[in-house]
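Asks: Give me coordinates for this.
(2 chains)
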Amino acid sequence: MPRSAPLPRTRKLTIVAQDPSVTDAKGKVLLTQIEIPAEDLSPGPRGYRVHVIDYDSSTDTFYAPPRYEDPVDGVYSDPFAELVAEGEILKLLEDPKFHSQNVYAIVMRTLARFEFALGRRVSWGFPGHQLYIAPHAFADANAFYSESDQCLAFGYFFVPGNTDSTAPIFTCLSYDVVAHETTHAILDGLRERYTAPSSPEQAGFHEGFADIVSLLSVFSLKDVVKAVLLKDKTAKTEHVNIENKRIPVEAITRENLESSILLGLADQMGSALTGIRGSALRRSVQITPLDLDADPKPKSYLSEPEFKEPHRAGELLVAAMMEAFLQVWLERLYRYIGTNNVTEVDVAIVVVEGAEAANHLLTMAIRGLDYMPPTDIRFSDYLTAVLTCDRETVPDDSKYGYRDKLRKSFAVYGIKPALRSDKEGYWKMAEDGFCYDRTHFDSLLSDPTEVFRFIWDNRKKLGLEDDYDYYGKAYLKVQSVRPCIRIGPDGFTVRETVAEYVQMATLRFDELDGVGITEVEAEIPVDQDITLYGSGALIFDEYGQLKYHIRNRIFSQDNQKPRIEYLWKSGYYANPAFTQSLFSRMHLNRTLSPTTDSTEAF
Amino acid sequence: MAKKPNKIEILPYNVYFGDCFLVLFHYQDESQKSVLIDFGSTGKGKHGQDPDDDADADETLKESTGERLLRVANDINERTKGKDTEKEKGKLDVVVATHRHKDHIYGFGLKAAGKIILDLDPEIVIQPWTENPKDNRDLSKGLPLLHGADFREGRTEHFTAMLDDMHDVAEAIEAEAKKLGNSTLFSKTINQATRNRIVFAANDNKKIRNKAAVDNLAKMRNPHYVHFGYDKINWEKILPGVKVHILGPPLIGDAPDMLKAKNKHDEFWSLMAMNKFFWGVLAATNSGPNLARHGRPPIFGEHRDIAVTRPANVRWFIRRLRNLRADQLLQIVSFVDRALNNTSVILLFEVGDQKLLFPGDAQIENWQFALSKAKENKELRDLLAGTTVYKVGHHGSRNATPKSLWKSFKNKSDDEIDTRLQTVNSTMRGKHGESDDTEVPLPKMVTAMKAKSNYVTTEDFEDGFVEPITIHVNH
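Replies: Now for the predicted structure:
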């Protein structure tokens, strides 16, 4: 029998909009419906990318999984919609099945967001296809991604002095926590070496990027922004006329947006959750932007000891992106005011423009990943990557000036484009004249071996021919070849292929001089093996021609000297397994993972 | 002329695993002053065993921990009588309880041994500021990293309440780890070695209420709750001719330098370790009516799946999650352990040409403050560098003798010359650590100390007693 209609592509599910501490004007926990990819779910829910297993290891309890019905008349139901309609919010929040749905929906939305931005399927950082999720994994103020366990684990905990001390706080009910942890899992799938010890910036990137994705995702939820703006009059929202839901034009300033939205949300987002990873948003907003007019060459934040701490470094990245978000939002609002010639702006317009700004920046932030070198990254690389990738999709940026705003926002936090970029802060384009004669177009777009052939044939031109005769022989492996399709504002698609390779060379400490890595200040035994990494991302255009070669040279004094010194200070060479485990734990819990100055350990 | 000691005797007692040092300052007129630094033990049980369970211990060590400590207390009584050996009771001038771990204060709470020490009527008792039952500083206000709103308006509890919180956490963790490792409850249990490590670490810290010991210490007169630079003790009266420098723990809230270096990771760590809210959350999460005994009730009891077997496709993950939880418990309990170690009092006694350094179990984070001060202050730098006797920190673990401190000791020598540095370690092999990197005492540290100093370890005198280490003082 022929099918009457194609299967639905999406479905809507109810979630807690941010976390149970964000409420509407009437004090009710704010819920919302989000649209996620549709699929026929098994009990769990268990779908094609995630499998929720509600097992609590602290009490050895396995909770019965929720079951989902097949679509009726081509529509999937939202099993909790009825309770919401009846106003039974408390009942909903006390149902572990709803918790399972909450995490499932947020993980799927975050994943879909990445796939939308990148124009392809995104794999996890482990061999399986389904990520396990434990919404009540243990009794602890903690939530994390574990690659080896192929899971996201969310804890629950109690707060002393809470009015109802028997009511736990569930990390699985916080949108930003779930999106943050999901981003760790996705990023690990996209760039597996970003969790390796390398520099405070690399260690901070995972945290900072996960925060950027989670925060911009929250700001793209209109219900949340609206609720924060229309909260009962507080010092932070006093410029909003709550009665008629309008904001006078003169009150639309960067400072007001920052205090009402960024700090307003920071204050509301489960303050109890700060036990997990602190309030990244608040601490980011509190970093003072540099006054570049007063001092055009200020000292960079990143060179200060305070920002050598990875989480703190990550907050700098968040601060830069949040600044860009405010600037884009303002620009959009000014345009609206200018075109409509109004003296007051409806809160709904402010909310929509904010959500649009967040959405657009989120897409840019995710797309930039493809244009990053696969190892030893710096924040400057990220800025350059985001700018370059955006230029490829949207060559004309004159409408809202996203890229210009990004450049400026990053600059006031001391992050400038990479030194290897051109004067506008874009990666330099690849030269002409590569040899394609012995490679095949189709294979080059999907086959790592074919890409390796291309690299081999062009190794001199790519600058990969050994610079050093004896020691300078690095192993090279193509890690991935990923086709991607992006839709530009003109409606046409931009088709690209992103291939990544990694280079490795293990030398004795006293052999480093032979590859130009000198004056390394570290007390390392001369016969200690030191593994060096180099890497590159090759971006091929729609004709299979190399467009960009974004690389970190392996035998580079600038890259390797600080890296080796940092690894030594972290205790890596004395005890690699331990340090590696410290790094992988670093994202679990800021407090429990102190990075002691290991140069002082005996 | 002011009275000055001309001889010092140090007695490092073997109390199985634990610290107990008697330091006697002898004067020309044959009088003496005495200082007892710690009186604790976690017994002789081997790694992974309950320290109270002496039955499993090495057969050659017949004496129970209590018996051993009683014998030590009697010896302290004898030695503190001075020249009048006929009198019934000795006299202690100073008691130092470096921090609240059982291996440092357990003996103070024992019925007979504790009473003997109490009857020695110490003039003053020194403990870290964190033990002050009246200290009520709100560290959350001094935290530069976190906004005030990050902390709920807590009840104004005394700081020592945090130690109770740590106790609750350790107790609950021990119970949970035992349950996770129980093969009658789980078809496949967690790794036994991990379980043992958790139980072992938790056990020491679940005793941190150490009520009996703390109560007895509170009965002693003139308590001083000290911190770096504490100067409210009239040392000349108590130990004539001895200058006592207190180098730790740092008083976080009041040390502007600590706050200036805000957000630097090590200071951040110390601040969090001293954070009542943090421990409050852990304690609130881990305590509950009979939680330790009966286990934690499921949060959604009515929703639990009552089937005996679990679907095949969830079993792998459930097993992984249990092991993941075990790792996490170990991490938390190690944090408790370290936080408490870092409350250790660090003392340096300066007598003529002798400098005796007793750092308790202070780890790098505690040391960092004194060491950073020493960088700016030549006098302090010279003082530390001139150390003649070093009580090896934390039984010889890798994180308690900062490399830069060890490097700075100028009395280290390859040759057995008169002025060679004396190192004293109270330790017991096989209790802590498994690999070369984590073993206590750390093998490479012992090697270095043997090569560069006169190294004495309590392991060398299993019956508990040693001839005093005698040091002649030149003025």
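
Asks: where exactly do the strands run in the stretch 201-350 of chain B?
Replies: B:223-226, B:243-248, B:346-351 (DSSP state E, counting those that start in this stretch).

Asks: cool, and the stretch 1-150 of chain B?
Replies: Using DSSP E, counting those that start in this stretch, strands in the stretch 1-150 of chain B cover B:5-12, B:21-27, B:32-37, B:94-96, B:124-128.

Asks: Grab the CA positions of the first one and hand them over as CSV.
Replies: Going back to what we said before, that points to strand B:5-12. Extracted in CSV, the C-alpha atoms of strand B:5-12 (Å, rounded to 0.1, in the frame of the first residue of the first chain):
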residue,chain,number,x,y,z
PRO,B,5,68.7,25.3,76.2
ASN,B,6,72.0,23.6,75.7
LYS,B,7,70.7,20.3,74.5
ILE,B,8,67.6,19.0,72.8
GLU,B,9,66.3,15.5,72.7
ILE,B,10,63.8,14.3,70.2
LEU,B,11,61.8,11.1,70.6
PRO,B,12,60.0,9.8,67.5
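
Asks: for the chain, what are the low-confidence residue spans?
Replies: Went with chain A since none was named. By pLDDT under 70, the low-scoring segments of chain A are A:161-166, A:232-238, A:242, A:268-279, A:466-472, A:576-599.

Asks: meant chain B actually
Replies: B:1, B:45-62, B:135-160, B:183-188, B:207, B:252-277, B:287-295, B:308, B:434-437.

Asks: ok, longest strand in chain A?
Replies: strand A:493-508 (DSSP state E).

Asks: For the helix or strand that comes right after that strand, output the C-alpha coordinates as CSV.
Replies: Next along the chain after strand A:493-508, taking DSSP states H and E as the criterion, comes strand A:529-540. The C-alpha trace of strand A:529-540 is given here as CSV (Å, rounded to 0.1, in the frame of the first residue of the first chain):
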residue,chain,number,x,y,z
ASP,A,529,60.8,10.5,25.4
ILE,A,530,58.9,13.6,24.2
THR,A,531,56.1,13.1,21.8
LEU,A,532,55.5,16.1,19.5
TYR,A,533,52.3,16.6,17.6
GLY,A,534,51.5,18.6,14.6
SER,A,535,48.3,18.7,12.6
GLY,A,536,46.3,20.3,9.9
ALA,A,537,42.9,20.8,8.5
LEU,A,538,42.6,20.7,4.7
ILE,A,539,39.5,22.4,3.4
PHE,A,540,38.6,21.4,-0.1
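
Asks: So which bits of strand A:529-540 are buried?
Replies: A:I530, A:L532, A:Y533, A:G534, A:S535, A:G536, A:A537, A:L538, A:I539, A:F540 (16 or more other CB atoms under 10 Å in any protein chain shown). Backbone N, C-alpha and C define where each C-beta goes, glycine included.

Asks: Stretch A:16-28: which residues count as buried?
Replies: Buried residues in stretch A:16-28, defined by neighbour count with 16+ other CB under 10 Å: A:V16, A:A17, A:Q18, A:D19, A:P20, A:S21, A:V22.

Asks: can I assume B:R429 sits in a helix?
Replies: No: B:R429 is assigned coil when assessed by DSSP: H, G, I helix; E, B strand; the rest coil, not a helix.

Asks: Alongside chain A, which residues does the stretch 351-475 of chain B contribute?
Replies: For the stretch 351-475 of chain B, the residues in contact with chain A (CB under 8 Å from any CB of the partner chain) are B:364-365, B:367-368, B:398-399, B:401-404, B:406, B:437, B:442, B:444-445, B:448.

Asks: Any idea which residue of the stretch 351-475 of chain B lies closest to chain A?
Replies: Residue nearest to chain A within the stretch 351-475 of chain B: B:P402 (4.3 Å; CB to the nearest CB).

Asks: Now do the end-to-end distance for stretch B:216-236.
Replies: Start to finish, the residues bounding stretch B:216-236 are 26 Å apart (CA to CA, to the nearest Å).

Asks: contacting residues for the closest residue to A:Y475 other than its chain neighbours?
Replies: Here the nearest residue to A:Y475 in space, its sequence neighbours aside, is A:M504; by CB to CB, 6 or more residues apart in numbering or on different chains that works out to 4.8 Å. Shown in contact with A:M504 (CB atoms under 8 Å, 6 or more residues apart in numbering or on different chains): A:A474, A:Y475, A:K477, A:T531, A:L532, A:Y533, A:G534, A:I554.

Asks: Between those residues, which sits nearest chain B?
Replies: A:T531 (19.9 Å).

Asks: Skipping adjacent residues, who's closest to that closest one in space?
Replies: A:T506 (4.7 Å).

Asks: wait, the one you found sits on A:V515?
Replies: No: between A:T506 and A:V515 there is no contact under CB atoms under 8 Å: 11.6 Å.

Asks: Name the residue in the two with the higher neighbour count.
Replies: Neighbour totals were compared for A:T506 and A:V515, and A:V515 leads with 23 against 11 (other CB atoms under 10 Å in any protein chain shown).
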